[in-house]
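In: kindly generate the corresponding structure for this input.
(2 chains)
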2 protein chains.
Amino acid sequence: MKNILVKEIYRETEKHSDQMIQISGWIRTLRSSKAFGFIELNDGSFFKNIQVVFEENLDNFKEISKLSISTSIVVEGKLVLTPGTKQPFEIKATKITVEGESSSEYPLQKKRHTLEYLRTIAHLRPRSNTFSAVFRVRSIAAYAIHKFFQEKGFVYTHTPVITGSDCEGAGEMFRITTLDMKNPAVDEEGNVDYSKDFFGKETNLTVSGQLEAEAYALAFRNIYTFGPTFRAENSNTTRHASEFWMIEPEIAFADLNDYMDLAEEMMTYLIDYVMKNAPEEMEFFNKFIDKGLLDRLNNVVNSDFGRISYTEAVEILKNSGKEFDYPVEWGCDLQTEHERYLTDEVYKKPLFVTDYPKDIKSFYMRLNDDNKTVAAADLLVPGVGEIIGGSQREERLDILESRMKEMNLNEEDYWWYLELRKFGGTKHAGYGLGFERAIMYLTGMGNIRDVIPFPRTPKSAEF
Amino acid sequence: MKNILVKEIYRETEKHSDQMIQISGWIRTLRSSKAFGFIELNDGSFFKNIQVVFEENLDNFKEISKLSISTSIVVEGKLVLTPGTKQPFEIKATKITVEGESSSEYPLQKKRHTLEYLRTIAHLRPRSNTFSAVFRVRSIAAYAIHKFFQEKGFVYTHTPVITGSDCEGAGEMFRITTLDMKNPAVDEEGNVDYSKDFFGKETNLTVSGQLEAEAYALAFRNIYTFGPTFRAENSNTTRHASEFWMIEPEIAFADLNDYMDLAEEMMTYLIDYVMKNAPEEMEFFNKFIDKGLLDRLNNVVNSDFGRISYTEAVEILKNSGKEFDYPVEWGCDLQTEHERYLTDEVYKKPLFVTDYPKDIKSFYMRLNDDNKTVAAADLLVPGVGEIIGGSQREERLDILESRMKEMNLNEEDYWWYLELRKFGGTKHAGYGLGFERAIMYLTGMGNIRDVIPFPRTPKSAEF
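Out: Take a look at the predicted model:
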């Protein structure tokens, strides 16, 4: 008998109705009396369980009646429609085989657990409703991103994780080494001799693939990256992880508006795709995690994103009458409290803030004609804050070089990046989407640790 | 005037025929006489160039005539069909604007360059025909993998890159640290005190996501990973890189045959998808890189993969009459020369070799009833050797524990992995596909450094 997936039964019920079928999965709940019992079985292929009814005519009725939650079993039986009851159908078991036993020590018993506790059993938590929903949505969202860009002809580019330059400037980095930590090779002056290290130089984990992405955009025109990035910052917040995934599209012959148009189209596509392809999971989040989630997401899909300049944003914040922990002045970076005020209270939808002061932004962002601001834009979303940061890139070699001087960057470290401006540079733009923040936004989950299968944060690298 | 992509012109020629259009891209070649000139323009969206004809009626005819290769330009003009000539159509330019200049110093002049030289200009090499083809195929192949698994309902799982266990055993690892290398924190005994390190313990770059993947397969049934993995081995071969991407599917309620069926279906899908979606690139490889490539790939799509046991393979090798550098005896690991003999000379198609001696395989592979071999299988392909390694996993707790003892592994390090066998374990299986090796196989490229955008190998981490 062919083993079929529970998802298939839900999606093509008619086809299997009144048929003998075989399924396998893990027991989520089991109730039994002397003569019969009910099992809620989950086979991992689908968010919902399927009900299995078994009766005393089974050879092993007694054994089955006593099984622990999370035991894996194989069930043969007839699929019977049960209109008018809580579940649309059930399986009347003719045979149940135990595949792998469990015990009363199984940590995920039916009672509610805190998210904090569930993090300590990250190997088991995807078997709970919440994390089953989170990580299936994460998978579907990742695919939506690929589908969106591939259908537009963007080239998926694997930029390196190990980087030989410490010049990326986007944050603190992790060192990679194979030197003996206790007795590293040293040079004549007694300094650690990285020429003896694995790569013959100092190496770190990347904080961004952007610079390499630019090289590829200037060959393929439209490209995107999707890979892990790292920050060695000792910040314990609900929105920061030491290891996270980022999507970094880069487009040539394109300016800041082209980037914003693309990012808006991508976000809308992503939300729409996930709502259509994970309806049960999204319903669950809406009901149990974040009431109002679906309304909010639907609203995003059906409305244009806002676009205001940083200068306008500062005016709004100053005139808000709100007491912020960090007072706002033109020239300062926007804090989460400011971003949340703009999205959650003023605009109530995703909002691009553009043209930031050059002094608080990176050297590679294109200088505006006012000489004070750069053609950068961040996308802020209600409930989360910044999820996208991007800019038009400085394609004018002389201005780029003088910006690097201002910021005390060493031109030699960037020789190839500068060459991109010498040999057929074009206006181009790009952005980075923090994938985990997008998942938080899509699911309503409030802590980044709960949208990464095995999160890495300061002092924590379990599993 | 809307800027359109060259790919669109090739794919929907009729729609644009005799229309005024605008395109932008980089000059690949330029020939000019006193009265007119020809530009081969590549805009990155498509493997092929488009021909632009310009005449002296252009205001800037003289300037355009002298442009260097790789200059980026914007062209307006009429698309004219040119049946009977070398190219199917050309653009008669009415206006050409220079977007970014280049110069005679541009390193990618028209003459042929060695692949070794091109590696030193990894930021520019995707602008050459060969690497344009390689990296577009890489992108399309990556998408094919996602599409294949997603359409089957597999959950894409991001396993961690930073790992806190040095227990993966698949190879040498890179250490990750934020300790001061010159004066690391030390404990009372003078040893490096990793409790002071960023994660509060020793951490390394992962060599495989398999163990975590198993946890997710026992929740979602069918999952796959696709991410970077690392080996700190000092091996300078054409098939090894320090950083490479791996796809690791893991399937529950499944055995060794299920894995082989899945891997065969995936490989066939991948090859077929790439041939259909990158026909120009594959034609190029067939003509210039590896004559006979398309025949070989077509042959794979249309025939079943071979399956033989290790024991049979050893017999074939011993009876081959061939002189191998490494003599073959039952119990030894197969070398590349052995694998290549089996695939290239005997079977001439992909071949699974199954049931290897337990002593040369990992502790987690399921012990066969003969107590001598394990339910492992490697997929070998002609021209490349091993590209997939996989196995059924040991789901029996007692046997797993005794295998770990035999191999001197510390059970405490694997507490959560062992728990997967305590709480509803199932038979399950999985494999790892080296993505770069798959790309080498698909393109005929002979060096792994030439299928990774910015390769990392011993003593080399440029860009």
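In: wait, what's in contact with A:E56?
Out: A:34-36 (Cβ atoms under 8 Å, 6 or more residues apart in numbering or on different chains). C-beta: built from backbone N, CA, C; applies to glycine.
In: need these in a markdown table (columns: secondary structure and distance to A:A185).
Out: A markdown table is the format used below for the contacts of A:E56 (DSSP: H, G, I helix; E, B strand; the rest coil; distance: Cβ to Cβ, whole Å):
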| residue | secondary structure | distance to A:A185 |
| --- | --- | --- |
| A:K34 | coil | 74 |
| A:A35 | coil | 75 |
| A:F36 | strand | 72 |
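In: need the phi and psi values for the closest residue to A:Q19 other than its chain neighbours.
Out: Computed as Cβ to Cβ, 6 or more residues apart in numbering or on different chains, the closest residue to A:Q19 that is not its neighbour in sequence is A:L79, at 5.8 Å. Torsion angles at A:L79 (phi, psi; degrees, to the nearest 10) stand at phi -80, psi 120.
In: A:L79: neighbour count?
Out: Using other Cβ atoms under 10 Å in any protein chain shown, A:L79 has 20 other residues around it.
In: would you mind measuring from it to A:E280?
Out: 19 Å (Cβ to Cβ, to the nearest Å).
In: please apply the same query to A:G190.
Out: 63 Å.
In: which non-adjacent residue is nearest A:I39?
Out: Using Cβ to Cβ, 6+ apart, the nearest residue to A:I39 is A:V52, at 4.2 Å.
In: number of residues surrounding that neighbour?
Out: A:V52, neighbours per other Cβ under 10 Å, totals 23.
In: who touches it in this structure?
Out: A:38-41, A:75, A:77, A:90-91, A:93, A:96.
In: now, the most widely separated pair of these?
Out: By the measure Cβ to Cβ, A:E40 and A:G77 form the most distant pair in the contacts of A:V52, at 14.7 Å.
In: quickly list what the residue nearest to A:Q19 is bridged to.
Out: A:I91 (DSSP bridges).
In: surely it is in contact with A:D18?
Out: Yes. Under the criterion of Cβ atoms under 8 Å, A:L79 makes contact with A:D18 at 6.7 Å.
In: now A:D43. Nearest residue, chain neighbours left out?
Out: A:G25 (3.2 Å).
In: next: A:T94.
Out: A:G77 (5.0 Å).
In: what about the residue nearest to A:Q19, distance to chain B?
Out: Distance, A:L79 to chain B, by Cβ to the nearest Cβ, to the nearest Å: 18 Å.
In: and that residue, what does it touch?
Out: If you count contacts by Cβ under 8 Å, 6+ apart, then A:L79 has A:9, A:13, A:16-19, A:21, A:89-91 around it.
In: of these, closest to chain B?
Out: Using Cβ to the nearest Cβ, A:I9 comes nearest to chain B of the contacts of A:L79, at 12.7 Å.
In: surely the closest one and A:H16 touch.
Out: Yes. With contact defined as Cβ under 8 Å, A:I9 counts as touching A:H16 (5.5 Å).
In: ok, the residue nearest to A:I39 to A:K422 distance?
Out: With Cβ to Cβ as the criterion, A:V52 and A:K422 are 68 Å apart.
In: secondary structure class for A:K95?
Out: Using DSSP: H, G, I helix; E, B strand; the rest coil, the secondary structure recorded for A:K95 is strand.
In: same check, this time on the one 10 residues further on
Out: Under three-state DSSP, the three-state class of A:E105 is coil.
In: state the number of residues packed around it.
Out: 10.
In: what distance do you get for it to chain B?
Out: Counting by Cβ to the nearest Cβ - A:E105 and chain B are separated by 7 Å.
In: next, A:P458: phi, psi?
Out: Per degrees, to the nearest 10, the backbone of A:P458 is at phi -50, psi 130.
In: what is whichever strand or helix holds A:L211 packed up against?
Out: Assessed by DSSP states H and E, A:L211 sits inside helix A:210-220. If you count contacts as 3 or more Cβ pairs under 8 Å, 6 or more residues apart in numbering or on different chains; DSSP states H and E, helix A:210-220 packs onto strand A:222-230, strand A:243-252, helix A:415-422, strand A:428-434, helix B:129-151.
In: between these, which one is closest to A:V274.
Out: Nearest of those (Cβ to Cβ): helix B:129-151, 12.8 Å.
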